[in-house]
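**Student:** Sequence and computational prediction follow.
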Amino acid sequence: MSAVEKAALRNMELLRFITAGSVDDGKSTLIGRLLYDSKSILEDQLSAIEKTTRRRGMNGVDLSLLTDGLQAEREQGITIDVAYRYFATPRRKFIIADTPGHEQYTRNMVTGASTANLAVILIDARKGVLTQSRRHAYIASLVGIPHLVVAVNKMDLVGYSQDVFNSIKKEFSAFVSHLNLHDVHYIPISALHGDMVVERGENLLWYDGTPLLELLETIEIASDINTSDFRFPVQWVCRPADPAYQDYRGYMGRIESGEIQVGDSITVLPSGLTSKVKEIATYNATHELAFAPQSVALRIEDHIDISRGDMIVKSGNQPRVAREFDAMLCWLSEQPLDLRRKYFVKHAAKTVKGLVSKLDYRVDVNTLQQDSVPQLNMSEIGRARLKTQQPLMCDAYDKNRATGCFIMIDEATHNTVAAGMVIEAGQ
């Protein structure tokens, strides 16, 4: 690969997407087909998969082996953890998260979906819309995935019937109309034979949409990032030891949303102190303008007290600064939520002590029913109220995914026990 080609690859837009579906809907085979037909498989990988396929007494190439990377999964013939794969086409780079379909692994799907731009939900054309299909759509809505693709798979087993596809589309559309999903696409495919995955094939001529890969390459994701609310959690205060830079003080971190330019008025939270941006720097250059998700060092005109965990925002456009807020929690730990227990709450670059003061309800992820329960168990999702010892700078998750999310950490074991999404913040 030439230097020009490497530079072009580095600057190419990245799409993160997940696949989800019930058992045997063909998630792993679909990803294998994407990698195989887009020629993104190394020769030694292909050779190993061919050998494994023959050892199982099967003909051809079992494409599902490309993503079912764990030996335990291969032995069971199912996916039980999130398997990540990376590939690129001339138009875009991709990170795929193949998430498990079982209800008990809801936490794994939430983890894989938390940073995704898009979700591909597979539906077996023979089985139609299942409870799991609705559950996966709800989780996609909950974690704020902007784009949803419903891939009706195994069309070859229903004679590539347009009526079957239309019936599934109608039923699923009625369900997602009640969710916070605004960009939903429907594609009939056969992952096994490759129809409408990378190439159109000859069996779905009645479908006038684009193949899945073309949709993934062209769907607009630049607007997925919040560009209006500047949020800059301070990760590090840079004071070089070099005497030549003895007066240098830079505040380093990643711009989580919005943009900033030299001369803009800023406010530091939670202190409320104000100043103006003097300089924006990266590792080898200075800039007049920077935007999410760039990592930069900001210098400001005034010497004010700013520490790791503080947040720099534009004056007049601020998040809520709160010690108490409502959130949706996905419980990740085998140890249930204990309202009497203290936890660490990690939000952006800040970690504070906190607790769950109230559990409003648990959501039945299969029926969306809200149940009153005393605790949350592993992979359960519920609405709760949290209190923290120090204020956090929070946006509502549906407004800003970057500053509306957090994790909870067990104070004793330091294990991550929950992922949270802020609904609203109090004073």
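**Tutor:** Received the coordinates, thanks.

**Student:** how many other residues sit next to the nearest residue to Asp156 once chain neighbours are set aside?
**Tutor:** The shortest distance from Asp156 to any non-neighbouring residue, by C-beta to C-beta, 6 or more residues apart in numbering, is to Ser190 (4.3 Å). Bear in mind the C-beta positions are built from the backbone N, C-alpha and C, glycine included. Neighbourhood size, Ser190 [other C-beta atoms under 10 Å]: 25.

**Student:** cool, Asp247 as well?
**Tutor:** 8.

**Student:** got it, and Thr218?
**Tutor:** Quick note: Thr218 (other C-beta under 10 Å) scores 11 neighbours.

**Student:** wait, doesn't it sit right on Arg91?
**Tutor:** Yes: look at Thr218 against Arg91 with C-beta atoms under 8 Å: they come within range, at 7.4 Å.

**Student:** joint contacts of those two?
**Tutor:** Both Thr218 and Arg91 lack any common contact, where contact means C-beta atoms under 8 Å, 6 or more residues apart in numbering.

**Student:** Flag the shaky bits of the chain, pLDDT-wise.
**Tutor:** Applying pLDDT under 70 to the chain flags the ranges 1-11, 42-50, 53, 58-83, 101-105, 244, 425-427.

**Student:** Name the nearest residue to Ser114, sequence neighbours excluded.
**Tutor:** Using C-beta to C-beta, 6+ apart and skipping residues adjacent in sequence, the residue nearest Ser114 is Val143, 5.6 Å away.

**Student:** Next up, phi/psi of that neighbour, please.
**Tutor:** Torsion angles at Val143 (phi, psi; degrees, to the nearest 10) stand at phi -90, psi 10.

**Student:** tell me the contacts of it?
**Tutor:** Val110, Ala113, Ser114, Ala116, Met421.

**Student:** Test my guess that the first one contacts Met328.
**Tutor:** This means Val110. No: applying C-beta under 8 Å, one finds Val110 not in contact with Met328, separated by 10.1 Å.

**Student:** Which elements pack onto whatever helix or strand Pro391 lives in?
**Tutor:** Using DSSP states H and E, Pro391 falls within strand 381-394. Packing partners of strand 381-394 (3 or more C-beta pairs under 8 Å, 6 or more residues apart in numbering; DSSP states H and E): strand 320-331, strand 342-347, strand 350-363, strand 416-425.

**Student:** how about a cut-off of 7 Å?
**Tutor:** strand 320-331, strand 342-347, strand 350-363 (3 or more C-beta pairs under 7 Å, 6 or more residues apart in numbering; DSSP states H and E).

**Student:** nearest to Asp395, of those?
**Tutor:** strand 320-331 (7.3 Å; C-beta to C-beta).

**Student:** Also compute the angle for the closest one relative to strand 416-425, please.
**Tutor:** 140 degrees (axes from the mean of the first three to the mean of the last three C-alpha atoms, to 10 degrees).

**Student:** residues in contact with Arg200?
**Tutor:** Contact partners of Arg200, counting by C-beta atoms under 7 Å, 6 or more residues apart in numbering, are Pro211.

**Student:** Any figure for the gap between it and Thr210?
**Tutor:** 9 Å (C-beta to C-beta, to the nearest Å).

**Student:** ok so, going back, could the helices and strands packed on strand 381-394 be laid out in a markdown table, adding mean neighbour count and distance to Ser265?
**Tutor:** As requested, the helices and strands packed on strand 381-394 are exported to a markdown table (neighbours: other C-beta atoms under 10 Å; distance: least, C-beta to C-beta, whole Å):
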| stretch | mean neighbour count | distance to Ser265 |
| --- | --- | --- |
| strand 320-331 | 20 | 18 |
| strand 342-347 | 20 | 24 |
| strand 350-363 | 17 | 23 |
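
**Student:** Same list (those) but as TSV, adding distance to Leu181.
**Tutor:** Shown next, in TSV, are the helices and strands packed on strand 381-394 (distance: least, C-beta to C-beta, whole Å):
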stretch	distance to Leu181
strand 320-331	16
strand 342-347	26
strand 350-363	16
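
**Student:** so which of these gets nearest Leu298?
**Tutor:** strand 350-363 (17.2 Å).

**Student:** Counting neighbours, what do you get for the closest residue to Ala281 other than its chain neighbours?
**Tutor:** Using C-beta to C-beta, 6+ apart and skipping residues adjacent in sequence, the residue nearest Ala281 is Ala297, 4.7 Å away. Neighbours of Ala297 under the rule other C-beta under 10 Å: 20.

**Student:** what sits up against the longest helix seen in the chain?
**Tutor:** What stands out as the longest helix in the chain, according to DSSP state H, is helix 162-176. Helix 162-176 has contacts (C-beta under 7 Å, 6+ apart) with 123, 125, 128-129, 133-134, 137, 150, 152, 158, 184, 186, 188, 206.

**Student:** Also stretch 298-312?
**Tutor:** Contacts for stretch 298-312 (C-beta under 7 Å, 6+ apart): 231-237, 249-251, 266, 268-269, 271, 273, 275-280, 348-350, 393.
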